[in-house]
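Student: For reference, the sequence and a predicted model appear below.
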Amino acid sequence: MKTIKIWNDSPSERQLDEIADSLRDGDVVIIPTDTLYGVACDALNPKAIEKICHLKGLNPEKAPLSVICSDISMAAEYAKIDDASYHLLRANTPGPFTFIFRALSGLPKAFKNRKEVGIRIPDCATSRLIAERLGNPVMTTSIEYEDEDHAREPGLIAEAYADNVDLLVEGEEGMTEASTVVYCIGNDCEIRRQGRGELQ
């Protein structure tokens with residue numbers, strides 16, 4: 001597994017190109033977010049999604065799948081966002097939230113089978129810039145870990161995933177608290193899981 005070290009949440013142009021090329025090639029990567037580190041891939045690559053689902057033991061037809069977007073404009077290409085939800089996103093992103101919306105047809109079959117998609121626009125420039133450089137969302141799911149050290153320390157994360165991941169994007173120490181999940185299908189948005197962040 002290769003490692004790319006990012007300093008101060010400010011990846012270089014060369015680093016972004018290398019990460020985006022890896023994702024386009026169908027690689028599975030670990031990236032920093034504003035919560036836990038995430039196992040990630042190109043959200044438009046079905047085979048890469050299958051790799052992650054197999055790695056995590058997820059059934060994509062049942063497990064909710066989330067993507068990191070660079071901004072609200074990118075999110076609106078893949079999720080049905082009404083006016084109220086748009087204002088909610090404006091008030092709370094970038095931030096440690098996963099917003100569940102109806103999925104639009106631009107996402108692969110793995111998402112359409114569920115008809116819903118989790119949208120993340122994290123308060124982590126590195127992850128947003130990766131999606132921007134890739135040109136489309138990055139599917140992500142939180143790493144699994146034995147203890148808090150294995151969640152926080154990139155070196156321990158690398159050891160745990162060395163045989164299953166192609167690239168580690170090493171940023172600052174990770175968190176141990178997941179994102180707050182907000183369900184935005186229907187008339188009212190509701191918090192389904194309280195994690196990091198207070199919804200505005």
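Tutor: Received the coordinates, thanks. Residues are numbered from 1 along each chain as shown.

Student: Just give the number of residues close to the closest residue to P32 other than its chain neighbours.
Tutor: The shortest distance from P32 to any non-neighbouring residue, by Cβ to Cβ, 6 or more residues apart in numbering, is to G171 (3.4 Å). For every residue, glycine as well, the C-beta is placed using N, CA and C. Other residues lying near G171 total 23 when counted by other Cβ atoms under 10 Å.

Student: G171: what's it in contact with?
Tutor: G171 is in contact with 6, 9, 31-32, 124, 126, 154, counting by Cβ atoms under 8 Å, 6 or more residues apart in numbering.

Student: which one of those residues sits closest to D71?
Tutor: When the contacts of G171 are ranked by distance to D71 (Cβ to Cβ), C124 comes first, at 13.2 Å.

Student: give me phi/psi at the nearest residue in space to that closest one that is not next to it in sequence?
Tutor: Counting by Cβ to Cβ, 6+ apart, C124 lies nearest to D34, which is 4.5 Å off, once chain neighbours are set aside. Main-chain torsions, D34, degrees, to the nearest 10: phi -90, psi 10.

Student: my read: D34 touches T126, true?
Tutor: No - D34 is beyond contact range of T126, at 10.0 Å (criterion: Cβ atoms under 8 Å).

Student: all strands of this protein, in order?
Tutor: 2-5, 29-31, 38-42, 66-68, 79-80, 97-103, 116-120, 138-142, 167-170, 180-183, 190-193 (DSSP state E).

Student: Excluding its own residues, what touches the shortest one? List them.
Tutor: I take that to be strand 79-80. Outside strand 79-80, the residues touching it (Cβ under 8 Å, 6+ apart) are 99, 101-104, 117, 119.

Student: repeat for the longest one
Tutor: Residues from elsewhere that reach strand 97-103 (Cβ under 8 Å, 6+ apart): 64, 66, 75, 78-81, 85, 88-89, 111-112, 114-120, 179-185, 189, 192, 197, 199.

Student: again, only using 7 Å
Tutor: 64, 66, 78-81, 85, 89, 111-112, 115-120, 179-185, 197, 199 (Cβ atoms under 7 Å, 6 or more residues apart in numbering).
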